[in-house]
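Undergrad: Here is my input; please provide its structure:
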Amino acid sequence: MRKEVYITDYNCVTPLGFTADTNWKALLEGKSGVALHKIIDNQDAFYASMIDSDKLNEEFNRFFDNAQNDMLNFTRLEKMLLLSLRPLIEKHAPSDNTAFILSTTKGNISLLKNQPELPEGVYLSKLAQKIADFFGFTTMPIVVSNACVSGVMAISVAKNMIQAGKYKDAFVIAGDELSEFVISGFNSFQAIGSGPCKPYDKNRDGINIGEAAAAVYVTSCHSDEGRISQNEKLRFKILGDSAVNDANHISGPSRTGDGLYASIKNAMTEANVSSKQIDFISAHGTATLYNDEMEAIAFNRLELQNVPLNSMKGYYGHCLGASGLLESIISMESALHNTLLPSKNFEETGVTQPLNIIRENQSAAVRYILKTASGFGGCNAAVVLEKC
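TA: From the prediction side, this is the model:
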């Protein structure tokens, strides 16, 4: 019998708050972290979602020893990751059979600025090891860095390694920060929106970059051994997952949605869930012309066009390697509170295929969640979660 794998705890650090609860309350009120920020000297401000650095340092100093911080010289991203993971570690102590998985696309890329040589901290493996060592993990860290699907894939990696018997449980963390490098890169593609992004909207004109850190605790139970307490409020089974690369283009998504279609189909097949059973889709929704159209095509090919759907990019921007994990957490919050959030800034359909895009807070009984992600290089990923 295959092990059942669950997400039973989570936390996130974003411009809207430093806990999942504060984020949820802000989202219910329709708040967004997207605003104008001066990120690159000698260039105009960009619309982006940025964590206030003073608040971040204040929160970090509340929980972590200043002397230790000075000694280890934590970067801004590392502080975000440590804050996101701390409350989970306090409740679920790692063992010698616990996996530590980091999802990120750029890591400490800001350390490269004006440096003649590569600083050690810029290597993703070193970043992962530094966080793992701080919390006393004894297993070798695993890094998942596959463009913008990294956060969703990290959930899949945890599930599959636990089911294969490699680990008993896992902590999955994800994080990326705003940087000149990332902003300059997307700006060179002419992909950054002139205002707050509008996923799936007729007047969308590009993305907003965001930053965040997120963490989930993943655990297994088989038969009656290690059963999660029935009093546990938060319990989501990871039913199915898949990642498919359609190799369409280094930055352009498939016009037919082949990779996303295959990812969703595989995940739903493993989950043994039909299109009619999916209660909610947390989509990628970058607010770029071709991404949103590709998603609409893929969802229609799978007869998911009537399922309530949103994109969280209007609230958080595109948080790169953190987006998939963060948006999964918000999806689980939605299911726990039986409330679906609107796709912020959406007004008029701008894709050729019909979608049931959520326009306002609405009550809904959510059991099955489909979370999708797509990214550069033709990568696509999907995961199906069940509220237990």
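
Undergrad: Provide a list of residues in contact with residue 350.
TA: Shown in contact with residue 350 (C-beta atoms under 8 Å, 6 or more residues apart in numbering): 198, 200, 201, 202, 203, 204, 292. Where you see a C-beta, it was placed from the backbone N, CA and C, and this is true even at glycine.

Undergrad: Verify the stated contact: the second one with residue 351.
TA: Going back to what we said before, that points to residue 200. Yes: checked against C-beta atoms under 8 Å, the pair residue 200 and residue 351 is within contact range at 5.7 Å.

Undergrad: Which one of these two is surrounded by more residues?
TA: Legend: neighbour count by other C-beta atoms under 10 Å for residue 200 and residue 351, higher for residue 200 (27 against 21).

Undergrad: Grab the nearest non-local neighbour of that one.
TA: Of all residues beyond its chain neighbours, the one nearest residue 200 is residue 292 (5.0 Å), with distances taken as C-beta to C-beta, 6 or more residues apart in numbering.

Undergrad: And that neighbour, what's its pLDDT?
TA: Here, the pLDDT recorded for residue 292 equals 97.

Undergrad: okay, now it: neighbour count?
TA: Burial of residue 292, expressed as a neighbour count using other C-beta under 10 Å, amounts to 25.

Undergrad: buried ones in the helix or strand hosting it?
TA: Assessed by DSSP states H and E, residue 292 sits inside helix 289-301. Along helix 289-301, the positions that meet the burial threshold by neighbour count (16 or more other C-beta atoms under 10 Å) are 291, 292, 293, 294, 295, 296, 297, 298, 299, 300, 301.

Undergrad: Unless I'm misreading it, the fourth one sits right up against residue 255, doesn't it?
TA: Right, the one you point to is residue 294. Yes: contact status for residue 294 versus residue 255: in contact at 6.7 Å, counting by C-beta under 8 Å.

Undergrad: ok, residue 283 - contacts?
TA: Contact partners of residue 283, counting by C-beta under 8 Å, 6+ apart, are 199, 295, 299, 309, 310, 311, 372.

Undergrad: At which residues are the strands of the stretch 151-300 of the chain located?
TA: The residue ranges that make up the strands of the stretch 151-300 of the chain, judged by DSSP state E, counting those that start in this stretch, are 169-176, 209-210, 212-221, 236-245, 280-282.

Undergrad: Reformat the ones you listed as a markdown table; add mean pLDDT, mean neighbour count and distance to residue 335.
TA: Supplementary listing: the strands of the stretch 151-300 of the chain in a markdown table, determined by pLDDT from 0 to 100; neighbours: other C-beta atoms under 10 Å; distance: least, C-beta to C-beta, whole Å:
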| stretch | mean pLDDT | mean neighbour count | distance to residue 335 |
| --- | --- | --- | --- |
| strand 169-176 | 98 | 28 | 18 |
| strand 209-210 | 97 | 30 | 23 |
| strand 212-221 | 94 | 26 | 14 |
| strand 236-245 | 97 | 21 | 7 |
| strand 280-282 | 98 | 25 | 7 |
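
Undergrad: need these in TSV with distance to residue 128, can you?
TA: Listed next are these as TSV, based on distance: least, C-beta to C-beta, whole Å:
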stretch	distance to residue 128
strand 169-176	9
strand 209-210	22
strand 212-221	13
strand 236-245	20
strand 280-282	26
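
Undergrad: I'd like to know which of those is closest to residue 99.
TA: Proximity to residue 99, assessed across the strands of the stretch 151-300 of the chain by C-beta to C-beta, is greatest for strand 169-176 (3.8 Å).

Undergrad: Next SSE downstream of the helix or strand containing residue 371?
TA: Under DSSP H and E, the secondary-structure element containing residue 371 is strand 368-375. Following strand 368-375 in sequence order, the next helix or strand is strand 379-387 (DSSP H and E).

Undergrad: Give me the average confidence score over that next one.
TA: If you average the pLDDT over strand 379-387, you get 98.

Undergrad: Can you list the strands that that strand pairs with?
TA: strand 236-245 (antiparallel), strand 368-375 (antiparallel) (DSSP bridges).

Undergrad: Using PDB, list the CA coordinates for that strand.
TA: Output for strand 379-387, consisting of C-alpha atoms alone and laid out as PDB, is shown next (Å, rounded to 0.1, in the frame of the first residue of the first chain):
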ATOM      1  CA  CYS A 379       8.500  23.700 -17.800                       C
ATOM      2  CA  ASN A 380       5.100  23.100 -16.400                       C
ATOM      3  CA  ALA A 381       3.900  21.500 -13.100                       C
ATOM      4  CA  ALA A 382       0.700  20.600 -11.300                       C
ATOM      5  CA  VAL A 383      -0.400  19.200  -8.000                       C
ATOM      6  CA  VAL A 384      -3.700  18.000  -6.700                       C
ATOM      7  CA  LEU A 385      -4.500  18.600  -3.000                       C
ATOM      8  CA  GLU A 386      -7.400  17.200  -1.000                       C
ATOM      9  CA  LYS A 387      -8.700  18.800   2.200                       C
END
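
Undergrad: quick check: angle from it to helix 289-301?
TA: Taking axes from the mean of the first three to the mean of the last three C-alpha atoms, to 10 degrees, one finds that strand 379-387 is oriented at 50 degrees with respect to helix 289-301.

Undergrad: most surrounded residue in the contacts of residue 283?
TA: Neighbours here are counted as other C-beta under 10 Å. On that basis the top member of the contacts of residue 283 is residue 311, with 30 neighbours.

Undergrad: Sweet, I'm off.
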